[in-house]
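Prediction below, plus the sequence it came from.
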Amino acid sequence: MTRSWPTTPGPEGSSATRDLGELASAADFLSVHAPLTDKTRRLVDEAFLRRMPAHAVLLNTARGPLVDTEALDRALDEGWIGGAAPDLLETEPPVPDLALLGHEDLIVTAHQAFDSEEALRELQRKAAQNLLDGLEATS
């Protein structure tokens, strides 16, 4: 793979890489956290998935179109990876007969894990506090 990103130092005993192919081939669990741009669309494609170890698990909590759905379906069908757990897909809502959804080694969750009564109250409290802080700063 030719795509690379800046690195930051990791904890002691870890290593850093700028090469996404190297990252894919070394990952036991790979969690995708990236914005959706023209450069990152389908960042996790067939070539990337084929580089991952057969036991590896792909997680995507960022944006659905970062992962090529058809390539992920093939990867699970053919055992390129051990499983996947996206909380959103390339197309939302997914079509009911999407082949990818039939895999036992796939867990799909709603992209709204924060959605609870407690989280809503905390969100409202923080919004009100931010408003008060802003008003206090201008007086």
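Done, it's in.

Pop out the phi and psi values for the nearest residue to residue 63 once chain neighbours are set aside.
For residue 63, ignoring the flanking residues on the chain, the nearest one in space by Cβ to Cβ, 6 or more residues apart in numbering is residue 36 at 3.9 Å. All C-beta spots, glycine's among them, are computed from the backbone N, C-alpha and C. Dihedral angles of residue 36 (phi, psi; degrees, to the nearest 10) stand at phi -90, psi 120.

pretty sure residue 36 is touching residue 67, no?
No. Using Cβ atoms under 8 Å, residue 36 is not in contact with residue 67, being 10.8 Å away.

These two: who's more crowded?
Neighbours were counted for residue 36 and for residue 67 using other Cβ atoms under 10 Å; residue 67 has more, 26 against 13.

Who does that one form a beta bridge with?
Taking DSSP bridges as the rule, residue 67 bridges to residue 44.

And the residue sitting nearest the centre point of the chain, how far from residue 19?
Nearest residue to the geometric centre of the chain (Cα atoms, centre = their mean): residue 60, 2.0 Å. Look at residue 60 and residue 19: by Cβ to Cβ, to the nearest Å, they are 20 Å apart.

Likewise for residue 52?
Residue 52 is 14 Å from residue 19, where distance means Cβ to Cβ.

Quick one: mean pLDDT over the strand or helix carrying residue 129.
Element membership of residue 129 [criterion: DSSP states H and E] is helix 117-138. For helix 117-138, the mean per-residue pLDDT is 91.

now swap in stretch 102-114 and tell me
On average, stretch 102-114 scores 83.

residue ranges with poor pLDDT in the protein?
For the chain, residues meeting the criterion pLDDT under 70 lie at 1-11, 13-15, 111, 113-114.

Strands along that one, start to end?
Assigned by DSSP state E, the strands in the chain fall at 29-32, 57-60, 83-86.
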